[in-house]
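>>> 3D, please:
(chains A and B)
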Amino acid sequence: MAATILDGKKISAEIREELKNETKKLAARGIIPGLAGILVGEDPGSVTYVGLKSKACEEVGIKEMMCRLPETVTEQELLRNIDILNKDPKVHAIFIQLPMPKHLSEEKALAAIVPEKDVDGFHAMNVGHAWMGQPAFVPAVAIAIQEMLVRSGISLKDKEVVIVNVDNMVGKPLASLLVQDNDKGRANVTLCYPTTPNLAVYTRRADVVVVSVNKPKFITADMIKEGAVLADFGGTFVEDPVTKKRKTVGDVDAEGVKEKAGAITPVPGGVGPMLVTMLMLSTVNSAKMAAGIV
Amino acid sequence: MTAEIIDGRKIAAEIQGELKQKINGLQAKGIVPKLVTILVGDDPASLSYLKGITRTCGETGLVTEAAKLPADATQKQLLDKINELNRDSNVHGILLFLPLPKHLNALEAESAISPEKDVDGTNPISAGKLLLGEDTFYPSTPFGVQELLVRSGHSPEGKHVVIVGRSNIVGKPLMGIFVQKSKGANATVTVCHTATKDLVAITKQADILIAAMGKAKAVTADMVREGTVVIDVGVNFMPDPVTGKNKQVGDVDFEAVKEKASAITPVPGGTGAVTSIMLMVNTVKAAEKLTA
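Model prediction:
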């Protein structure tokens, strides 16, 4: 039987519909969720991505406030701007578009955002709260994967989840969500490095395999069990052998596993399209928390 | 084959010896590391831990004080006490005994401890830093587990570590510690819990099995693969079948499991024996950093 395709665009659209309703209800109470972004310079990739965020804000009813700073901005000036946003009650969430020019410390800038508005969930306080099972902001990739699975009717309770990635954006925050004793968690989680000895022994046992290593065909059919769910957050540009066009591929050998896996997030069209929507979701949640609703 | 017994008391003494050297060095500069504990009410387990801390501090050369608040202390009194200790430059480490009486908010109190003095790593910021791999204080029990493994020659590097139990004070920090890309870590780590359906299938995969579920003798011999290193973090009390007296037992069925494991920690005398010295290690590190 062919694997179910977990369609990130569709799930994302569903969540945006829900968010539109939420913001309407909030508006009736005089609350408009506000998302501020900081963009330094004009890196084309960043400009495009910020554009996607702006569009999404408009679609779901979030007020977007972009702070565009020149490439040459000093660290002091950058931190001053972050401070202004920290203090602005209309701003519920702040993101910094990365990468920043080399003369600026990303670490310092991220640490300057108050935890209550750190919508990307990088601040140690958010990481700690999430891990302790307290309300917190969590990096978008992690919530995206959890939401995709849960909304596709894939319960994580008692499942063996193997995550091949141990970084602060994907593996650790996802483990942090899935080990919690709540309805979206209660999984048995294993964190593996791509270099873990006998990796296939772990992945073959797994009900759910999450992979993010940016290596095409890293997870092959012989590494998974029949019916396994695969969440793929890899992205590598390759040239299509037939059309010679560049395309993005994930870490899973999608063609090879499609008859064996139970469900799979495609690349492109899987986790990727969820990310901006997760930013919207967290912004709306932040506005609700600030107003004491939740 | 009978397992090697990992002797917590011996390792604790080793760590203590090293720590005394460091303290001598600090004293030469006029610095005496000081740990202040906060005890609200008179929880018997906390009182017994306090006794152990006081003794170990004395033997090691740290100054310690217990700030005792009555069982009906208000949240404000507790926070005021914490803030006072945060500001006191003679205090390098603060430990808040848990559990607190039910009317108090533990998370708020833990969050109030300055991360620079949070020597038991209970502030969410400390927990976050631990997971992120930043410099912080590891909670003493999981920190002790890491020391036991490394010093007994069973470093988790490249190994599969299975942790049963996912509490905020043991299971989760253990996972955070062992997944880091650092010495004494770098492991493949699984966290599961007692309600896990096929727990045996998972525990049998382990190179290193850590029992932290708080259930007497819950890890039985059939759950352990031949040659596994077994670490027992449990502290439970059961009546002795012969004397009828209450005695301490771990989460592992020690007698049976030691015939299969390659190495095992006893209870008492295993992980519990290193916990308070790890707190001292953290306090000395705090004193060094705060006075640098």
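>>> OK, contacts around residue 69?
Picking chain A for this. Residues near residue A:69 by C-beta atoms under 8 Å, 6 or more residues apart in numbering or on different chains: A:38-41, A:77-78, A:81. Glycine gets a C-beta too; all of them are placed from N, C-alpha and C.
>>> Chain B is the one I meant
With contact set as C-beta under 8 Å, 6+ apart, residue B:69 has these partners: B:38-41, B:77-78, B:81.
>>> Quick check on these: which are buried?
Buried members of the contacts of residue B:69, scored by 16 or more other C-beta atoms under 10 Å in any protein chain shown, are B:38-41, B:78, B:81.
>>> Residue A:199 contacts residue A:224, correct?
No: between residue A:199 and residue A:224 there is no contact under C-beta atoms under 8 Å: 11.5 Å.
>>> So between these two, which is more surrounded?
Remark: of residue A:199 and residue A:224, residue A:224 carries more neighbours, 26 against 18, as counted by other C-beta atoms under 10 Å in any protein chain shown.
>>> Surely the more buried one and residue A:203 touch.
Yes: counting by C-beta under 8 Å, residue A:203 is a contact partner of residue A:224 at 6.0 Å.
>>> Strand partners (parallel or antiparallel) of the helix or strand where residue A:190 lies?
Counting by DSSP states H and E, the element that carries residue A:190 is strand A:188-192. Using DSSP bridges, the strands paired with strand A:188-192 are strand A:160-164 (parallel), strand B:188-192 (antiparallel).
>>> send the alpha carbons of it over as CSV?
The C-alpha trace of strand A:188-192 is given here as CSV (Å, rounded to 0.1, in the frame of the first residue of the first chain):
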residue,chain,number,x,y,z
ASN,A,188,9.5,7.1,23.8
VAL,A,189,12.0,9.3,22.1
THR,A,190,15.5,8.4,20.9
LEU,A,191,17.9,11.2,19.8
CYS,A,192,20.5,9.9,17.3
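>>> ok, residues contacting it?
Taking C-beta under 8 Å, 6+ apart as the rule, strand A:188-192 contacts A:158-166, A:171-172, A:175, A:178-179, A:199, A:202-203, A:206, B:175, B:179, B:188-193, B:196, B:202.
>>> Show the subsequent helix or strand relative to it.
Proceeding N to C from strand A:188-192, the next assigned helix or strand is helix A:199-205, under DSSP H and E.
>>> Just list what that following helix packs against, helices and strands only.
If contacts are counted by 3 or more C-beta pairs under 8 Å, 6 or more residues apart in numbering or on different chains; DSSP states H and E, helix A:199-205 sits against strand A:160-164, strand A:188-192.
>>> which parts of the stretch 151-292 of chain B sit against chain A?
With the criterion set to C-beta under 8 Å from any C-beta of the partner chain, the stretch 151-292 of chain B comes near chain A through B:158, B:160, B:166, B:168, B:172, B:175-176, B:179, B:181, B:186, B:188-193, B:195-197, B:201-202, B:205.
>>> same thing but 10 Å
Listed as neighbours of chain A in the stretch 151-292 of chain B under the rule C-beta under 10 Å from any C-beta of the partner chain: B:158-164, B:166-169, B:171-173, B:175-176, B:178-181, B:186-193, B:195-199, B:201-202, B:205.
>>> buried stuff in stretch A:120-138?
A:120-133, A:136-138.
>>> Filtering those by proximity to chain B, which remain?
Contacts with chain B within the buried residues of stretch A:120-138, as defined by C-beta under 10 Å from any C-beta: A:121-133, A:136.
>>> out of these, which are inside strands?
Applying DSSP state E to those, no entry is found in strands.
>>> Sort out for me which of those residues are in helices.
Counting by DSSP state H, the part of these found in helices is A:124-131.
>>> can you put the ones next to chain B among the buried residues of stretch A:120-138 in CSV and add distance to residue B:65?
Shown next, in CSV, are these (distance: C-beta to C-beta, whole Å):
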residue, distance to residue B:65
A:121, 38
A:122, 37
A:123, 33
A:124, 29
A:125, 29
A:126, 33
A:127, 32
A:128, 27
A:129, 30
A:130, 34
A:131, 31
A:132, 28
A:133, 32
A:136, 34
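>>> Looking at these, point me to the pair that's furthest apart.
A:122 and A:133 (18.9 Å; C-beta to C-beta).
>>> host element of residue 51?
All of this refers to chain A. helix A:44-60.
>>> if you could check chain B rather than the one you did, that'd help
helix B:44-60.
>>> Which residues belonging to that helix are considered buried?
Neighbour-count burial for helix B:44-60, counted by 16+ other C-beta under 10 Å, picks out B:46, B:49-50, B:53-54, B:56-57, B:60.
>>> Also stretch A:10-25?
So for stretch A:10-25, counting by 16+ other C-beta under 10 Å, buried means A:11-12, A:15-16, A:19, A:22-23.
>>> Tell me which entries of these lie within strands.
Under the assignment DSSP E, those contribute nothing to strands.
>>> Make a markdown table from those and add distance to chain B and pLDDT to it.
A markdown table is the format used below for those (distance: C-beta to the nearest C-beta, whole Å; pLDDT from 0 to 100):
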| residue | distance to chain B | pLDDT |
| --- | --- | --- |
| A:11 | 27 | 98 |
| A:12 | 28 | 98 |
| A:15 | 26 | 98 |
| A:16 | 30 | 98 |
| A:19 | 27 | 98 |
| A:22 | 27 | 97 |
| A:23 | 29 | 98 |
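>>> now the residues of the stretch 151-292 of chain B next to chain A: which count as buried?
Looking at those with 16+ other C-beta under 10 Å, the buried ones turn out to be B:159-164, B:166-169, B:171-173, B:175-176, B:178-180, B:186-193, B:196, B:199, B:202, B:205.
>>> out of those, which are inside strands?
Of those, the ones assigned to strands by DSSP E are B:160-164, B:188-192.
>>> can you name the two of these that are farthest apart?
Top of the distance list for those (C-beta to C-beta): B:164 and B:188, 15.7 Å.
>>> Do a quick rundown of the helices in the stretch 1-150 of chain A.
Per DSSP state H, counting those that start in this stretch, the stretch 1-150 of chain A carries helices over the ranges A:8-28, A:44-60, A:75-87, A:106-112, A:124-131, A:140-151.
>>> lowest-confidence stretch among those helices?
If you rank the helices of the stretch 1-150 of chain A by mean pLDDT, helix A:106-112 sits at the bottom with a mean of 93.
>>> tell me which residues in stretch A:44-58 are buried?
Under 16+ other C-beta under 10 Å, the buried positions of stretch A:44-58 are A:46, A:49-50, A:53-54, A:56-57.
>>> if we take the residues you listed, which one ends up nearest to residue A:218?
The shortest gap between residue A:218 and any of those belongs to residue A:49, at 25.2 Å (C-beta to C-beta).
>>> quick one: the closest one from residue A:98, how far?
Distance from residue A:49 to residue A:98, counting by C-beta to C-beta, to the nearest Å: 10 Å.
>>> which neighbours do these two share?
Common neighbours of residue A:49 and residue A:98 are listed as residue A:43 (criterion: C-beta atoms under 10 Å, 6 or more residues apart in numbering or on different chains).
>>> ok so, going back, so what sits against both of residue A:199 and residue A:224?
Common neighbours of residue A:199 and residue A:224 (C-beta under 10 Å, 6+ apart) are residue A:162.
>>> Run the chain-centre distance for stretch B:192-205.
23 Å (C-alpha atoms, centre = their mean, to the nearest Å).
>>> Tabulate the CA atom coordinates of stretch B:170-180 in CSV.
The C-alpha trace of stretch B:170-180 is given here as CSV (Å, rounded to 0.1, in the frame of the first residue of the first chain):
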residue,chain,number,x,y,z
VAL,B,170,16.5,13.3,36.8
GLY,B,171,15.2,11.8,33.5
LYS,B,172,15.0,14.9,31.4
PRO,B,173,18.4,16.4,32.5
LEU,B,174,20.1,13.1,32.0
MET,B,175,18.9,13.1,28.4
GLY,B,176,20.1,16.7,28.0
ILE,B,177,23.5,15.9,29.4
PHE,B,178,24.2,12.8,27.4
VAL,B,179,23.1,14.1,24.0
GLN,B,180,25.6,16.9,24.1
